[in-house]
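Trainee: test case, fold it:
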Amino acid sequence: MFDNICKFLVENFSSDFATWLLGESINLTELSPKELSLEPIRADALILLQSEQSILHLEFQTQVDPEIPFRMIDYRLRAYRRFPDKAMHQVVIYLKQTNSNLVQQNTFTIAGTRHEFAVIRLWEQPTEVFLRTPGLLPLAVLSSTINPEVILNEVAREINSITESRTQSNIAASTAILAGLVLDKEVIKRVLRSDIMRESAIYQDILQEGKAEGKAEGKAEGKAEGKAEGKAEALLEVARNLFSTGMPLEQIGRVTGLSIEQLQYLQASESSESNQ
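Mentor: Have a look, this model is predicted:
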């Protein structure tokens, strides 16, 4: 879930991440893992972006993974095989604080071979870095602070100042989900406006998935359009009702067909609206 949100942010605000990680504001385009020979390892967690001169390889992690160093050298060699003249910047970004020594590991080493990559532990990063550009705002609450609720309020003010409505809603939705790593959902729904989040791509994806299922069922009955709208609203209504029962999100997902990511966002959005 958090991988997907981070991937969404990087792909839609690539120049903001380039400024932070590469030191220059350049537009990066997506590089498909399929362009690097062989099958990708955990492609769902892989973010590859490129410019004419360089490749940016990012891995966002909420938990430690001992396979990270091997994955880094593996993709470095694949990228070199495909693009030998491009520089490659590899960064592992840990989102949630942990005492594991694995978050310190930035090398892959075997006899005769050593490969280095960058590691960023967000809880050690200064907050102001993430308040400078819209695409980094959702990461601010995970930065070095003793009071993430205060930072969330500051982020909310920055979000309210964004003039482009779709950008505003997408940043708000992403912030709500990532803030769940360090803050209680009651705090999040009190600070972030649900009406803004409803316009986000994440919320619209929930509606579209419901409509797609409705159309499939409707075509079989000759009533595609009406069924599509009804199915989407029905899925959302079922999810809302199940939230109030305390049923685990995993079970709600099995009932509605919605992903955990979608349910967590929907839960935050709906709860926020009821408290406005």
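
Trainee: strands of the stretch 1-150 of the chain, residue ranges please.
Mentor: Secondary structure of the stretch 1-150 of the chain by DSSP state E, counting those that start in this stretch: the strands cover 29-30, 46-50, 54-61, 87-94, 107-110, 113-116, 118-121.

Trainee: can I get those in JSON lines including mean neighbour count?
Mentor: Backbone N, C-alpha and C define where each C-beta goes, glycine included. Shown next, in JSON lines, are those (neighbours: other Cβ atoms under 10 Å):
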{"stretch": "strand 29-30", "mean neighbour count": "12"}
{"stretch": "strand 46-50", "mean neighbour count": "21"}
{"stretch": "strand 54-61", "mean neighbour count": "22"}
{"stretch": "strand 87-94", "mean neighbour count": "19"}
{"stretch": "strand 107-110", "mean neighbour count": "13"}
{"stretch": "strand 113-116", "mean neighbour count": "12"}
{"stretch": "strand 118-121", "mean neighbour count": "17"}
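
Trainee: out of those strands, which gets nearest to Leu266?
Mentor: Nearest to Leu266, of all the strands of the stretch 1-150 of the chain, is strand 54-61, at 22.0 Å by Cβ to Cβ.

Trainee: now do that closest one: which elements does it pack against?
Mentor: Here strand 54-61 touches helix 2-12, helix 14-22, strand 46-50, helix 68-82, strand 87-94, going by 3 or more Cβ pairs under 8 Å, 6 or more residues apart in numbering; DSSP states H and E.

Trainee: tell me the mean pLDDT over that strand?
Mentor: For strand 54-61, mean pLDDT rounds to 94.

Trainee: parallel or antiparallel, list what pairs with it.
Mentor: strand 46-50 (antiparallel), strand 87-94 (parallel) (DSSP bridges).

Trainee: returning to what we had before: can I get the helices and strands packed on strand 54-61 in JSON lines with distance to Gly253?
Mentor: Below are the helices and strands packed on strand 54-61 laid out as JSON lines (distance: least, Cβ to Cβ, whole Å):
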{"stretch": "helix 2-12", "distance to Gly253": "14"}
{"stretch": "helix 14-22", "distance to Gly253": "30"}
{"stretch": "strand 46-50", "distance to Gly253": "24"}
{"stretch": "helix 68-82", "distance to Gly253": "28"}
{"stretch": "strand 87-94", "distance to Gly253": "26"}
